[in-house]
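Participant: When you get a sec, could you give me coordinates for this:
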Amino acid sequence: MTTLTKQDDLQSRLPNPARLIPELKEIGGALFKATGNGSIPQTTISLVQLRAGQIVGNTYLTVLHTGNLRKAGETEERITAVASWQDAPCFTDAERIALALVEAVLTRNPSGERVPDELYAQACRHYDDKALATLIMAIGQVCFFIPLALIGKPLPGVSPAEQWRQ
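Facilitator: Below is the predicted model of the structure:
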C-alpha cells in the first residue's frame, strides 16, 4: 500500500487527461455546447453542478462551480444555500426541481426508483422537453467528469494548466 505524503497533496494524481486522451476536449466541448443551448439558464446548470460536487464530496468540483456562480454574479447567499436548498427561500420552483433531480440521480433511494414519476411530472411542469433534456445533459455533463475529479484529484482553485501533475 502506498502512503501519501504532504507533497502528494500539492499535485494531482494524474497528468492532464486531455493530453493523455485528446478526444476529451471534443467531448467536453460537445457537452458544453449541448448544455449552453439557452433552453435553461446557465445559473440553473451551475447550481445543479455545484450540488453534484457537494453530493459526491469533491472539493475540486465544488470550488469550480462555486467560482462559476460567482463569476456569473450569483449572491453568496444562494451559493451557500445550495447545500441546504430544500429549506432555503432563495431558489425558484424551477431551480428547486433541478436540484431535486440531481439529488435523485446521485443519491440512493431506499424506497425504490431514484427519479419517481411524481418528480418527473413536477419537472415537466417547469421545463419543456428541450429544457428538460438540456437539464438531464447538464447532470450528465458533471457526472461524466466526477470519476476524473475523484480519482485524478485535480487541484481546486487553480488554472487548468496548473490543476494536473506535470
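Participant: For the rest of this, base every contact and every neighbour count on C-alpha atoms.
Facilitator: Noted.
Participant: How is Glu103 classified with respect to secondary structure?
Facilitator: Three-state call for Glu103 (DSSP: H, G, I helix; E, B strand; the rest coil): helix.
Participant: Please report how far it lies from Leu24.
Facilitator: Per C-alpha to C-alpha, to the nearest Å, Glu103 is found 26 Å from Leu24.
Participant: Show me what stretch 38-56 is in contact with.
Facilitator: Stretch 38-56 is touched from outside by 35-36, 59-62, 64-66, 68-69, 72, 74, 79, 82-83, 95, 98-99, 102-103, 106-107, 130-131, 134-135, 138-139, 142-143, 146, with contacts defined as C-alpha atoms under 8 Å, 6 or more residues apart in numbering.
Participant: re the thing from before, looking at Glu103 and Leu24 now, which is surrounded by more residues?
Facilitator: Higher neighbour count among Glu103 and Leu24: Glu103, with 19 against 13, using other C-alpha atoms under 10 Å.
Participant: And the nearest residue to Lys130 once chain neighbours are set aside, what's its pLDDT?
Facilitator: Distances taken as C-alpha to C-alpha, 6 or more residues apart in numbering place Ser39 nearest to Lys130, at 6.7 Å, with adjacent residues excluded. As predicted, Ser39 sits at a pLDDT of 97.
Participant: so Ser39 is in which element?
Facilitator: Take DSSP states H and E as the rule and Ser39 turns out to sit in neither a helix nor a strand.
Participant: Can you give me the buried ones in the helix or strand harbouring Lys25?
Facilitator: Element membership for Lys25, per DSSP H and E: helix 23-35. For helix 23-35, the buried set under the neighbour-count rule, 16 or more other C-alpha atoms under 10 Å, comprises Leu31, Ala34, Thr35.
Participant: got the contact list for the longest helix belonging to the chain?
Facilitator: Secondary structure of the chain per DSSP state H: the longest helix is helix 129-152. With C-alpha under 8 Å, 6+ apart as the test, helix 129-152 has contacts from 12-14, 28, 31-32, 34-35, 37, 39-40, 45, 48-49, 52-53, 56, 58, 60-61, 98, 102, 123-124.
Participant: So for Gln166, what's the pLDDT?
Facilitator: 77.
Participant: neighbours around it, how many?
Facilitator: Gln166 has 11 nearby residues by other C-alpha under 10 Å.
Participant: Thanks again, I'm all set now.
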